[in-house]
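Asks: here you go, sequence then predicted model.
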Amino acid sequence: MLGAALLLSSCSFGEEALWPSLSGENPAGASAQDNVQPASDWPDTPPAGTLAQAPAAENSKLGTGNFEPNGVTAGAATGTFVGKKVVELRAELKRLQSAVSQHNTMLQQMRARIVEDSQRYHGTIAAIKSRLQVGTTPGNPVLVQQFNSAQADLDRISNDSGQMNKLATAVSGDSTMSAFLAESTRAAFSVSGAVDEDHRQLAILEDEVNRTVVLIERLLTELSDDLRRQTNYVATERSNLNLLSAGIKGGEIYGASLINRAMASVAASDFGRSPRATDTSGRRPLVVIRFDRNNVPYQQALYNAVSRVLERRPNAIFDLVAVAPAGGGPARVALNSNKARRYAEDVLRSLVEMGLPPTRVAVSAKTSRTSKTNEVHLYLR
């Protein structure tokens, strides 16, 4: 027995490894969590209830640039046609810089609001996770109220991202106007009838227009980066909130959303396509959930097993199989098959709440002569 244990402990992680199984036996004996032996024995598996930092938290970082124009140099009128053109271009540049200054102020205000909402949001989330980590009652109303507050903060961050998108459109208009001014200023040099003072003022104006063009491009670039980060951040945090909601319902913490791992290495062509069910004969299941009593506590063990797989294989696809006993006559088999399918739907719903995209799971059903109760098997394809 000692030699067999040493041999098993030296095996590498793979599809043929000793997969965890989940039993629905009486809680007075071995608990469901105790039956997930391989997952808890892996050396680098985080313990249940560990507060995991979401990888997308860094995506909320905002830019720090301040894009305030330097102003426009005043000039005296020369009375020539080119001199009048210089006056017009200078006025246009002043209006453009005023718009840029206004848009810069709006950006700084949005950043301040996002930082404030994010700090309040993460403070509330930390309080919820701390309470879940030590254990609490399922559906604790205090945690539900905190969850609603966190969701409202995330909605405000999302609204600020929408306003940031509108601001990016306005700054794009500034960029178009600055390009027009730069071209008009260069064209004014070739107009006849100018005096030396006109060209001197045009040279100064051209430098200031070019500096404004660069300033607007930098503003637009940083604004686009902020918008991209916030959009990804909000989308990821919403999936984390779904998992946190499932944890509040069960009164226990799961960890980071599975989508943070499941979406990491998936090609764009894979999105939106559900995998087809495959034959699971002869394959060892990753998780076996036996529904031999009401309210089988499988969620934590299921999360640990799937999370462990996605750490090693971010593009993994799973087969979820509803297994019904084949004995007892046609009527009993039909009844058990319906129950097994409902159990499989519940397990799939739990996986989705944990953040696993439904397009990564193929659902099927079968009967088994060796099963004594309704079961749900999860296989790694």
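Replies: Great, that's in hand.

Asks: let's verify Ala362: helix, strand, or coil?
Replies: At Ala362 the chain is in strand, as set by DSSP: H, G, I helix; E, B strand; the rest coil.

Asks: any chance you could map the strands in the stretch 151-300 of the chain?
Replies: Listed in chain order, the strands of the stretch 151-300 of the chain (DSSP state E, counting those that start in this stretch) span 287-290.

Asks: could you measure from Ser149 over to Ile125?
Replies: Distance, Ser149 to Ile125, using Cβ to Cβ, to the nearest Å: 10 Å. To be clear about C-beta, it is placed using only N, CA and C from the backbone, and glycine gets the same treatment.

Asks: mind checking which of these two has more residues around it?
Replies: Ile125 (21 against 17; other Cβ atoms under 10 Å).

Asks: contacting residues for that one?
Replies: By Cβ atoms under 8 Å, 6 or more residues apart in numbering, the contact list for Ile125 reads Ala150, Asn240, Leu244.

Asks: CSV for those residues, including neighbour count?
Replies: Formatted as CSV, the contacts of Ile125 follow (neighbours: other Cβ atoms under 10 Å):
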residue, neighbour count
Ala150, 22
Asn240, 21
Leu244, 24
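
Asks: narrow those residues to those in helices?
Replies: Counting by DSSP state H, the part of the contacts of Ile125 found in helices is Ala150, Asn240, Leu244.

Asks: thinking the last one is in contact with Gln146, fair?
Replies: No - with contacts counted by Cβ atoms under 8 Å, Leu244 stays clear of Gln146, the gap being 9.9 Å.

Asks: what touches both of the two?
Replies: Residues touching both Leu244 and Gln146 by Cβ under 8 Å, 6+ apart: Ile128.

Asks: next, the buried residues of stretch 190-204.
Replies: By 16 or more other Cβ atoms under 10 Å, the buried positions in stretch 190-204 come out as Ala194, Glu197, Asp198, Gln201, Leu202, Ile204.

Asks: show me where pLDDT drops low in the stretch 201-350 of the chain?
Replies: For the stretch 201-350 of the chain, the stretches with pLDDT under 70 are 254-274.

Asks: now do the helices in it.
Replies: For the stretch 201-350 of the chain, the helices defined by DSSP state H, counting those that start in this stretch occupy 259-262, 299-312, 329-353.

Asks: before we move on, back to that, in CSV: the contacts of Ile125, plus distance to Pro275.
Replies: Formatted as CSV, the contacts of Ile125 follow (distance: Cβ to Cβ, whole Å):
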residue, distance to Pro275
Ala150, 33
Asn240, 25
Leu244, 27
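
Asks: which of those residues sits closest to Pro138?
Replies: Nearest to Pro138 among the contacts of Ile125 is Leu244, at 13.7 Å by Cβ to Cβ.

Asks: okay, which residue is most central for this structure?
Replies: In the chain, the centroid-proximal residue (Cα atoms, centre = their mean) is Thr236; its distance is 1.8 Å.

Asks: now it: how far from Leu348?
Replies: Thr236 is 21 Å from Leu348, by Cβ to Cβ.

Asks: swap in Pro69?
Replies: From Pro69 to Leu348 the distance is 56 Å (Cβ to Cβ).

Asks: ok, Ser307 next?
Replies: To Leu348, Ser307 is 16 Å away according to Cβ to Cβ.

Asks: out of those two, which sits in the more crowded spot?
Replies: Ser307 (24 against 19).

Asks: do you know how far the more buried one is from Arg113?
Replies: Distance from Ser307 to Arg113, counting by Cβ to Cβ: 34 Å.

Asks: fine by me, we can end here.
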